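In: below is the sequence, then the predicted model.
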Amino acid sequence: MAFRLTVEPIGETIEVREDQTILDACLRQGIWLPHACGHGLCGTCKVDVLEGEVDHADASSFALMDFEREDGKTLACCARLTEDVVIEAEIDEDEDAEHIPIRDFSATVTRIVDLTPDIKGIWLAIDGEPIRFQPGQYVNLTVPGVEGPRAFSIASSPQDGATIELNVRKVPGGKATPLLHETLKEGDHLSFTGPYGQFFTRRSRGGTQIFVGGGSGLSSPKSMVLDLLESGWDEPVYLFHGARGLKDLYYRDLFETLAAEHGNFRYVPALSEPDPGDGWQGETGFIHEALQRAFPDGFADMTAYLCGPPPMIEATIRTLMRGFLFEEGIFTEKFLTGADEDRIKSPVFRRI
């Protein structure tokens, strides 16, 4: 059985299966709604139900409080229709967004490489039609034996959607990443859904593009930098990569080669805890400190993309704002999975 869903203010009407969430139905039809966790935890996908009734399903009582339910609000990532419904969502059109419908994919693991002691590169060859995505977007990967999908950014260029690369950091005590590190092998089959996310290059802003990645947060910047350079972007592009030691720095050869080939690209790795035996002659300290040293006159009119641990992102945002680059020019990668559920204790989390 299916019901009709009308999305205001755009006036689009689609069919939604009774077992399908509002968000899933919209994304599969190329209708973008604000969202983040996809699990009823963060409240980013909150919409107003103008007509009809919905089942709130597993929406967290923190993300969707009782008074909000009584006021006709619901979380699109959880809500299912029980009849024809009209919703109203805050849809901000972004001129750089392509609104690519999400799809289900199956793929074969063709290559697994140790990038660092705790990060593996995993290449997936897609069965059938390639995936189309914007660099910076992510997929939800189903890991056999683990409940709920896990989100991983695509590290490869969108120029070849037949194969995607995922960089997976082994999370101590985690449920999915230890399995991927310890049991996955070449020839195995996996499934995923995507692409998701609103983290992509804002080409319309023009000017200098700065990418800052920490730890396994290099995935999206790698895809975005490759896409810019492959497409002939001629404005300055900077990549700052923070790592603890030399053993944690990966794709150094790739980016040094790209810097030698493209006069508009500069690669700046920085080590926060270099080993004396590494013989490291490059930048040291935290990556936001290297960023500040590289731009002593500030960041006005530039665009910055940040991916990595929250402390790194928070420190980098403070550095950028002190250098006169504010919210409209700063983009951060955010996604939450089921693994984050235990860490969400308060609605205050939504503002962090």
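Out: Received it, and whenever you're ready, just let me know what you need.

In: show me how the chain divides into domains.
Out: Residue ranges for the domains of the chain, per the TED database: 2-88, 103-196, 203-334.

In: ok, which of those comes nearest Asp96?
Out: Among the domains of the chain, the nearest to Asp96 by Cβ to Cβ is domain 203-334 (5.3 Å). Where C-beta positions appear, they are placed from N, C-alpha and C, glycine not excepted.

In: related to what we said a few turns ago, kindly reformat the domains of the chain as a markdown table containing mean neighbour count, mean pLDDT and distance to Glu95.
Out: Formatted as a markdown table, the domains of the chain follow (neighbours: other Cβ atoms under 10 Å; pLDDT from 0 to 100; distance: least, Cβ to Cβ, whole Å):
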| stretch | mean neighbour count | mean pLDDT | distance to Glu95 |
| --- | --- | --- | --- |
| domain 2-88 | 18 | 91 | 13 |
| domain 103-196 | 18 | 95 | 13 |
| domain 203-334 | 18 | 95 | 5 |
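
In: using CSV, please lay out the ones you listed together with distance to Asp96.
Out: Shown next, in CSV, are the domains of the chain (distance: least, Cβ to Cβ, whole Å):
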stretch, distance to Asp96
domain 2-88, 12
domain 103-196, 8
domain 203-334, 5
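
In: Ala97: which of these is closest?
Out: Judging those by Cβ to Cβ, what sits closest to Ala97 is domain 2-88, at 6.6 Å.

In: can you check the distance spanned by that closest one, start to finish?
Out: 20 Å (Cα to Cα, to the nearest Å).

In: contacting residues for the residue nearest to Glu53 when sequence neighbours are not counted?
Out: Leaving aside its sequence neighbours, Glu53 sits nearest to Thr82 (Cβ to Cβ, 6 or more residues apart in numbering; 5.0 Å). By Cβ atoms under 8 Å, 6 or more residues apart in numbering, the contact list for Thr82 reads 3, 18, 52-55.

In: and which of those is nearest Arg202?
Out: After measuring the contacts of Thr82 against Arg202 - Cβ to Cβ - the closest member comes out as Val54, at 33.7 Å.

In: so what's the closest one up against?
Out: If you count contacts by Cβ under 8 Å, 6+ apart, Val54 has them with 22, 74, 79-82, 85.

In: keep only those of the residues you listed that are in helices.
Out: Ile22 (DSSP state H).

In: among the contacts of Val54, which one sits closest to Ala107?
Out: When those are ranked by distance to Ala107 (Cβ to Cβ), Ile22 comes first, at 27.5 Å.

In: hmm, that closest one is touching Arg4, no?
Out: No: assessed by Cβ atoms under 8 Å, Ile22 is found out of contact with Arg4, at 12.0 Å.

In: which residues are in contact with each of those two?
Out: Shared contacts of Ile22 and Arg4 (Cβ under 8 Å, 6+ apart): 16, 85.

In: pretty sure Cys77 is touching Pro34, no?
Out: No: in this structure, Cys77 is not within contact of Pro34 by Cβ under 8 Å, at 10.3 Å.

In: need the residues touching each of those two.
Out: Shared contacts of Cys77 and Pro34 (Cβ under 8 Å, 6+ apart): Cys45.

In: could I get the full set of helices for the stretch 51-200 of the chain?
Out: Along the stretch 51-200 of the chain, counting by DSSP state H, counting those that start in this stretch, helices occupy 66-70, 177-182.

In: in contact with Gly30, which residues?
Out: Counting by Cβ under 8 Å, 6+ apart, Gly30 touches 99-101.

In: endpoints of stretch 146-164, how far apart?
Out: Using Cα to Cα, the two ends of stretch 146-164 sit 21 Å apart.

In: just how off-centre is that stretch within its chain?
Out: Centre-to-centre, stretch 146-164 and its host chain are 10 Å apart (Cα atoms, centre = their mean, to the nearest Å).

In: next one: stretch 286-294
Out: Taking Cα atoms, centre = their mean, one finds the center of stretch 286-294 at 23 Å from the center of the full chain.

In: ok, and what's touching that stretch?
Out: So stretch 286-294 is contacted by 210, 212, 214, 238, 240-242, 268, 270, 272, 283, 308, 312, 315-316, 318-320, 323 (Cβ under 8 Å, 6+ apart).

In: so of these, which ones are in strands?
Out: Per DSSP state E, strands hold the following members of the contacts of stretch 286-294: 210, 212, 214, 238, 240-242, 268, 270, 283.

In: closest to Ala304 out of those?
Out: Ile210 (4.4 Å).

In: for that closest one, give me its contacts.
Out: Taking Cβ under 8 Å, 6+ apart, one finds 238, 240, 291, 299, 302-305 in contact with Ile210.

In: how near is it to Tyr251?
Out: Between Ile210 and Tyr251 the computed distance is 18 Å (Cβ to Cβ, to the nearest Å).

In: surely Val146 meets Ala176?
Out: Yes: counting by Cβ under 8 Å, Ala176 is a contact partner of Val146 at 4.6 Å.

In: and Val16, how far from Cys26?
Out: Distance of Val16 to Cys26, computed by Cβ to Cβ: 9 Å.

In: what ranges does the stretch 251-352 of the chain have for its helices?
Out: 252-261, 287-294, 310-322.

In: a markdown table for these, including distance to Ser204?
Out: What follows is those, written out as a markdown table (distance: least, Cβ to Cβ, whole Å):
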| stretch | distance to Ser204 |
| --- | --- |
| helix 252-261 | 24 |
| helix 287-294 | 23 |
| helix 310-322 | 19 |
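
In: right, and the ones you listed - which one's nearest Asn140?
Out: When the helices of the stretch 251-352 of the chain are compared by Cβ to Cβ, helix 310-322 sits nearest Asn140, at 21.1 Å.
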